[in-house]
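Novice: What shape does this take:
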Amino acid sequence: MTYGSETWSLTMGLIRRLRVTQRTMERALLGVSLCDQIINEEIRRRTRVTDIAQRVAKLKWQWAGHIARRTDGRWGLKVLEWRPRTGKRSAGRPPTR
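Specialist: Residues are numbered from 1 along each chain as shown. Below is the predicted model of the structure:
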């Protein structure tokens, strides 16, 4: 479920969809339906599974650390350390060359 989650931009809508999907999977694992009216905290206590939002955030930080430690000259570290030019660009169309 978290495959490639290091590159996702985590929005509140995406986090909500992930949590709903995780709760559905946990209910299926326990054989519990929504009609049984068991609260989510009880289901989480029974399965002892970590929250998907916390897991995805941890994976993103691990990936960022991995990228920051690379020293082979690939573009990932160059993008992280890039500083934009200072000053303003001139107005109008660029000159043709």
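Novice: Near the closest residue in space to L80 that isn't next to it in sequence, how many other residues are there?
Specialist: In space, L80 comes closest to A68 once its chain neighbours are excluded; the distance is 6.6 Å by Cβ to Cβ, 6 or more residues apart in numbering. Glycine gets a C-beta too; all of them are placed from N, C-alpha and C. Neighbourhood size, A68 [other Cβ atoms under 10 Å]: 11.
Novice: Packing partners of whichever strand or helix holds R46?
Specialist: If you go by DSSP states H and E, R46 is part of helix 40-47. Applying 3 or more Cβ pairs under 8 Å, 6 or more residues apart in numbering; DSSP states H and E, we find helix 40-47 packed against helix 12-30.
Novice: list the helices and strands the helix it packs on packs on?
Specialist: Counting contacts by 3+ Cβ pairs under 8 Å, 6+ apart, helix 12-30 packs against helix 40-47, helix 52-69.
Novice: Thank you, goodbye.
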